[in-house]
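Asks: Just to be clear, the model below is a prediction. Sequence and coordinates:
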Amino acid sequence: MTGKQSRIDEVYERSARMAESVFRDLKDGDLPQTIRKDLRETWDFYLDEEERKRLAAMGPLQRWFTSSWLLVKSLFLKLTPVRRMILGFGAFLALDGAGFFNDASTGNLLLGFFLSLFVLGLELKDKLLAHDELAAGRAVQIALMPQKSPSFEGWDLWLHTEPANDVGGDLVDFQDLDARRFSVALGDVAGKGLPAALFMARLQATVRAIAPSCRSLAEVGARVNEIFHRDGLPGKFASLVLMETERNAAIVRVMNAGHLPPWVIRADGPSPLSKGSPAIGLSASARFSETELALEPGDAVVVVSDGVTEARDEEGRFFGDDRVRLALAGAHGRSSRDVGVRILAAVADFVGDAPASDDLSIVVLRRAPAPLLPA
């Protein structure tokens, strides 16, 4: 068999597999569901909230014509000026070739089609380049994160983060401070996407550089805040929860800078800690404090990002704190991974097919039971 024939057969087999997958999805109902999801995301991207509210008040026929016009206009305005000119000229030639202005002309119709295809190709090229860059950024971000479940004597730790886009703005980190101490961090940078990811990487590097030499978590917060308020961008800030403890210890120190209150799981059920200090980077005069928690074996501290509490279902309702409490009820004594998975499962069941609205991160730090002594 020649090399050319081999490549033809390979392409044929790949096409057959793709066709089989499409028909399977059609049979299972997944493909229409995917199309509906794509249409909903397109609707949300090209139409702002005010336009969507205005369309919701219209009748079906008026809504269809108006939304079609708004989508086409928004798509056209997102092009560069040169591409708008090319696309406009292509549309004119296509209409002229179809006989709208003069006698039908196959040449003009084809030229208009190929000009429109040229603009589409340019937009696709930009998208692929951006996707490759984001994929490279995602690989770097993953490399900067710790392993999912670091091991530390006397403690059971589970870390999890899911970006809403290709790259995320949540910080989930673990750091050995010295031979006895370690710290865990969960931060949430204002915004999403690449700008938030870059800000997050800087926050991670700053905390890692400062934390080992500080005498308290309050000092870590003050020094990080000073740097970010001095050198940060206007309107950019981050919430941050830092936890620190020692090997085989019972005390956990917690500093909360503008984040959602962590949850403490004890034998009598879950309860949130009080609100903490201001977020990082908001004010040069911000003061930070820390809380000491004494944990019994099986007790745990759970920190979630607002990607959990603000996860939305298809009707736009929020997951909220009450559902977090329900997910944590009865979680005492379970492994840190089991506790985290319970939250993820509750969020997934609630959200359904709705797209992710924010980065979702969870940290579970559980005091491990003492090992049994040999008989």
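Replies: Received the coordinates, thanks.
Asks: where's the closest residue to residue 291 other than its chain neighbours relative to residue 340, distance?
Replies: Nearest-residue entry for residue 291: residue 254, 4.9 Å, with adjacent residues in sequence omitted and distances by C-beta to C-beta, 6 or more residues apart in numbering. Where C-beta positions appear, they are placed from N, C-alpha and C, glycine not excepted. Between residue 254 and residue 340 the computed distance is 18 Å (C-beta to C-beta, to the nearest Å).
Asks: residue contacts, residue 228?
Replies: 203, 206, 237, 238, 280, 281 (C-beta atoms under 8 Å, 6 or more residues apart in numbering).
Asks: go on, residue 157?
Replies: Contacts of residue 157 by C-beta under 8 Å, 6+ apart are 149, 150, 151, 174, 184, 336, 363, 364, 365, 366.
Asks: okay if I get these as TSV plus distance to residue 42, neighbour count and pLDDT?
Replies: Putting these into TSV (distance: C-beta to C-beta, whole Å; neighbours: other C-beta atoms under 10 Å; pLDDT from 0 to 100) gives the following:
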residue	distance to residue 42	neighbour count	pLDDT
149	38	16	69
150	41	15	79
151	45	8	78
174	39	19	90
184	39	26	93
336	39	24	92
363	35	25	94
364	37	30	95
365	41	26	95
366	43	26	94
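Asks: Can you tell me which of the residues you listed end up in helices?
Replies: Those of the contacts of residue 157 mapping onto helices are residue 336, per DSSP state H.
Asks: just curious, which of the contacts of residue 157 is nearest to residue 84?
Replies: residue 363 (47.3 Å; C-beta to C-beta).
Asks: Bridge partners for that closest one, pull those for me.
Replies: The partner list for residue 363 in beta bridges (DSSP bridges) reads residue 159, residue 303.
Asks: Could you double-check that residue 246 lies in contact with residue 179?
Replies: No - assessed by C-beta atoms under 8 Å, residue 246 is found out of contact with residue 179, at 9.7 Å.
Asks: If you count neighbours, what's buried in stretch 66-75?
Replies: 67, 70, 71 (16 or more other C-beta atoms under 10 Å).
Asks: among those, which are in helices?
Replies: Using DSSP H, the buried residues of stretch 66-75 in helices are 67, 70, 71.
Asks: give me every residue that touches the second one.
Replies: By C-beta under 8 Å, 6+ apart, residue 70 lies in contact with 46, 47, 51, 55.
Asks: Redo those residues as TSV? Include pLDDT, secondary structure and distance to residue 300.
Replies: Shown next, in TSV, are the contacts of residue 70 (pLDDT from 0 to 100; DSSP: H, G, I helix; E, B strand; the rest coil; distance: C-beta to C-beta, whole Å):
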residue	pLDDT	secondary structure	distance to residue 300
46	71	helix	44
47	75	coil	43
51	81	helix	45
55	80	helix	46
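Asks: separation between residue 86 and residue 342?
Replies: Distance from residue 86 to residue 342, by C-beta to C-beta: 54 Å.
Asks: Repeat that for residue 169.
Replies: 25 Å.
Asks: likewise residue 352?
Replies: For residue 352, the distance to residue 342 - C-beta to C-beta - is 18 Å.
Asks: which one of the two has more residues nearby?
Replies: residue 342 (19 against 10; other C-beta atoms under 10 Å).
Asks: circling back to that earlier point, could the ones in helices among the buried residues of stretch 66-75 be laid out in TSV, adding pLDDT?
Replies: Output for these, formatted as TSV (pLDDT from 0 to 100):
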residue	pLDDT
67	80
70	81
71	79
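Asks: ok, the residues you listed vs residue 286, which is closest?
Replies: residue 70 (43.4 Å).
Asks: contacting residues around residue 57?
Replies: Not one residue lies near residue 57 by C-beta under 8 Å, 6+ apart.
Asks: for the nearest residue to residue 199 once chain neighbours are set aside, phi and psi?
Replies: Of all residues beyond its chain neighbours, the one nearest residue 199 is residue 189 (4.7 Å), with distances taken as C-beta to C-beta, 6+ apart. According to degrees, to the nearest 10, the main-chain angles of residue 189 amount to phi -80, psi 140.
Asks: go on, residue 236?
Replies: Residue torsions, per degrees, to the nearest 10, at residue 236 are phi -100, psi 130.
Asks: From here on, call the first residue 55.
Replies: That works, and once the first residue is 55, the last one we named lands at residue 290.
Asks: Surely it is in contact with residue 254?
Replies: No - proximity of residue 290 to residue 254 does not meet the contact threshold set by C-beta under 8 Å, at 10.8 Å.
Asks: Pull up the overlap in contacts between those two.
Replies: With C-beta under 8 Å, 6+ apart, residue 290 and residue 254 have common neighbours residue 243.
Asks: Those two: which is more packed in?
Replies: Ranked by neighbour count (other C-beta under 10 Å), residue 290 and residue 254 place residue 254 first, with 25 against 16.
Asks: in which helix or strand would I find that one?
Replies: helix 247-264 (DSSP states H and E).
Asks: residues contacting the nearest residue to residue 414 once chain neighbours are set aside?
Replies: Excluding its sequence neighbours, the residue lying closest to residue 414 (C-beta to C-beta, 6+ apart) is residue 361, at 3.4 Å. By C-beta under 8 Å, 6+ apart, the residues touching residue 361 are 216, 218, 224, 410, 411, 412, 413, 414, 415.
Asks: Sort out for me which of the residues you listed are in helices.
Replies: Reading helices off these, I find no matches (DSSP H).
Asks: mind giving me CSV with those and columns for distance to residue 375 and neighbour count?
Replies: Shown next, in CSV, are those (distance: C-beta to C-beta, whole Å; neighbours: other C-beta atoms under 10 Å):
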residue, distance to residue 375, neighbour count
216, 20, 16
218, 20, 18
224, 18, 26
410, 19, 16
411, 16, 17
412, 15, 23
413, 18, 27
414, 15, 26
415, 16, 24
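Asks: for those residues, which one is nearest residue 135?
Replies: For the contacts of residue 361, the nearest to residue 135 is residue 218 (31.1 Å; C-beta to C-beta).
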